[in-house]
Each structure stands twice: as C-alpha cells, then as structure tokens.
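1. Build me a structure from this.
(2 chains)
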Protein chains: 2
Amino acid sequence: MTHENDSDTLARDETSDMIASDKVEGTTVYNQSGDRLGTVKHFMVGKRDGKVRYAVMSFGGFLGMGNRYYPLPWNALTYDDRQGGYVVNLTRDQIEQAPSYEDGQEPTYDRSYGQRVYGYYGFAY
Amino acid sequence: MTHENDSDTLARDETSDMIASDKVEGTTVYNQSGDRLGTVKHFMVGKRDGKVRYAVMSFGGFLGMGNRYYPLPWNALTYDDRQGGYVVNLTRDQIEQAPSYEDGQEPTYDRSYGQRVYGYYGFAY
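-> Reported below is the predicted structural model:
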C-alpha cells in the first residue's frame, strides 16, 4: 500500500459500483435500525469463480483483546450508499448465537462449514 | 477437499478454495511459461453482486517509483495451486499495451471503462 493521502483515498479507490478489496477492511456493518454492529475484517473470495462468499465481521472485544469474527453470507449484506457501509437484516441476538471464531482460530472454509454458516442465516450455500 | 493444517498465516487465512481479501495483495501473477509478470495490488469487487471484476496488477517500477497498474478481467486469471499464484494467458507485449494507470490516477470503474478493459482482453463485460 502506497496511499498516504487519507482525504482522497476513498474517492480514488472506490466508485459507486465497485470497491477495492484493500478498502473493505474496516467498513462498518449496521442493522436495519441503523445501529452499528461491527466492522468487516475481510472478504473470503472463491479463488476460481471470483465470488465473494463471506464478509467476515468483527465485533465485541476490548482494547483489541477478545475479538470474535463472524463470517456472514455475502447475500446477507446490502451495501448502503447513504450510510457508507453494509446493512444486515439481523438482530444482535441472532448474530451473537451465530458461527464465529476467535483470533488465530480461523475455520476451514470448506463446503460443510459453508452449509453450516449459510444455513444458520437461512441461505443456500 | 484438504486443508493444510500449518500454523502460519497463509494456512489460517487461506484454504484450497477460498482466499482472504487481505491476502490477495502481493500474490504473484505468472504467464503460461511460468515467468513472473507482476503482483496483484488488489481486487475490484462489485459492491452489490459481490463479484470480483478486476484483479489490478502492478508491474514495472523501480525502487517503488513509477509503478503502473493494469486492471485485468477476473476471467483472464486462473489460480494455480502449484505455483501459488495467478496465471494469465497473455504475453508481456499484450500487457504492456493494455489499459493501465499510474499511482494516484485510478480510473473510474464504470461501465465504459469495463467495456474498454474487458474488450482489450477479448472478454465481454
């Protein structure tokens, strides 16, 4: 990364339709009431088909300790231009019970895990 | 499907089918003869459909100055497990003549630009 000028980084790397993968990290995730649920850690992308399968959201944690990560099906997220972030139609309770992992304990993103995560949120993997 | 149960970062963030967006940067791009052409700067992802449209490749430059960036259609790249990088069926000449931009002069990734880039490489946008 060579970008130094924060003030126009967004404008240069993002258009209304497209986002740079290295700008995804840190994007805020809201619920439908506009409450901030967390931020996107990264996307998980299928190497061969180029489809984003998950947006991995972090929330919780204190002073950077105890972060948990919640892989969400891509289809569960809607990008909202007005808020400049992703919106999910999920309650905080639904997310807290969802499949998640701690720092350094990333899951194996195989088919079985995909079915578990997508199934939890009511999507077909 | 197998998962390399190594303890390094790659193994934690990458499986055989999926790659983390924040691990894409720096992935090597080869031609079909195995020559190294450059590295991936980032992906450009459609915000709404979650499709990776471009892998933006950097090559050239000297001591970090004068880098040029080449947006490639996602379909022009094949991930090669053996080399641990992307392979494109393109000559160096083809790439050097291709649509590109300099640091800080990112294009607007609109439909017209998409048609120009995809068209250059013989893909439909």
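2. Would you mind measuring from the residue sitting nearest the centre point of chain A to chain B?
-> Closest residue to the average C-alpha location of chain A: A:Ala55 at 3.1 Å, with C-alpha atoms, centre = their mean. Plainly put, A:Ala55 is 9 Å away from chain B if you go by C-beta to the nearest C-beta, to the nearest Å. (Each C-beta comes from the backbone N, C-alpha and C, glycine too.)
3. Quick one: residues contacting that residue.
-> A:Val24, A:Val29, A:Val40, A:Phe43, A:Pro71, A:Leu72, A:Trp74, A:Leu77, A:Tyr86 (C-beta atoms under 8 Å, 6 or more residues apart in numbering or on different chains).
4. Name the nearest residue to the third one, ignoring sequence neighbours.
-> What that stands for is A:Val40. Nearest non-adjacent residue to A:Val40, counting by C-beta to C-beta, 6 or more residues apart in numbering or on different chains: A:Thr27, 4.5 Å away.
5. Could you pull up phi and psi at that neighbour?
-> phi -60, psi 140 (degrees, to the nearest 10).
6. before we move on, what about A:Leu77?
-> Phi and psi for A:Leu77, reported as degrees, to the nearest 10, are phi -110, psi 140.
7. Is it bridged to anything, and to what?
-> Counting by DSSP bridges, A:Leu77 forms beta bridges with A:Val88.
8. and it, what is it in contact with?
-> Counted by C-beta under 8 Å, 6+ apart, A:Leu77 has contacts A:Val29, A:Ala55, A:Tyr86, A:Val87, A:Val88.
9. Recalculate using a threshold of 7 Å.
-> Counting by C-beta atoms under 7 Å, 6 or more residues apart in numbering or on different chains, A:Leu77 touches A:Ala55, A:Tyr86, A:Val88.
10. can I assume the second one is in contact with A:Gly26?
-> No - no contact is recorded between A:Tyr86 and A:Gly26 when judged using C-beta atoms under 7 Å, the distance being 11.6 Å.
11. For A:Gly38, list the residues it contacts.
-> A:Gly38 neighbours (C-beta under 7 Å, 6+ apart): A:Val29, A:Met57, A:Ser58, A:Phe59.
12. one more time with 8 Å, if that's ok
-> A:Thr28, A:Val29, A:Met57, A:Ser58, A:Phe59, A:Gly60, A:Tyr70.
13. OK, contacts around the first one?
-> A:Thr28 is in contact with A:Arg36, A:Gly38, A:Thr39, A:Val40, A:Gln83, A:Gly84, A:Gly85, A:Tyr86, counting by C-beta under 8 Å, 6+ apart.
14. any idea which of those residues is least confident?
-> Here the lowest pLDDT out of the contacts of A:Thr28 sits on A:Gly84, with 84.
15. Skip the chain neighbours and tell me the closest residue to it.
-> A:Gly84 sits nearest to A:Thr28 (C-beta to C-beta, 6+ apart), 7.5 Å away.
16. picking that back up, just the closest of the contacts of A:Gly38 to B:Glu106, please.
-> A:Thr28 (22.7 Å; C-beta to C-beta).
17. Need the CA coordinates for stretch A:71-81. PDB is fine.
-> Once non-C-alpha atoms are left out, stretch A:71-81 reads as follows in PDB (Å, rounded to 0.1, in the frame of the first residue of the first chain):
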ATOM      1  CA  PRO A  71     -18.500 -15.000   8.700                       C
ATOM      2  CA  LEU A  72     -21.700 -13.700   7.100                       C
ATOM      3  CA  PRO A  73     -23.000 -14.900   3.800                       C
ATOM      4  CA  TRP A  74     -22.400 -12.200   1.200                       C
ATOM      5  CA  ASN A  75     -26.100 -12.300   0.300                       C
ATOM      6  CA  ALA A  76     -27.000 -11.300   3.900                       C
ATOM      7  CA  LEU A  77     -25.300  -7.900   3.300                       C
ATOM      8  CA  THR A  78     -26.600  -4.900   1.400                       C
ATOM      9  CA  TYR A  79     -24.300  -2.000   0.700                       C
ATOM     10  CA  ASP A  80     -25.900   1.300   1.600                       C
ATOM     11  CA  ASP A  81     -24.500   4.300  -0.100                       C
END
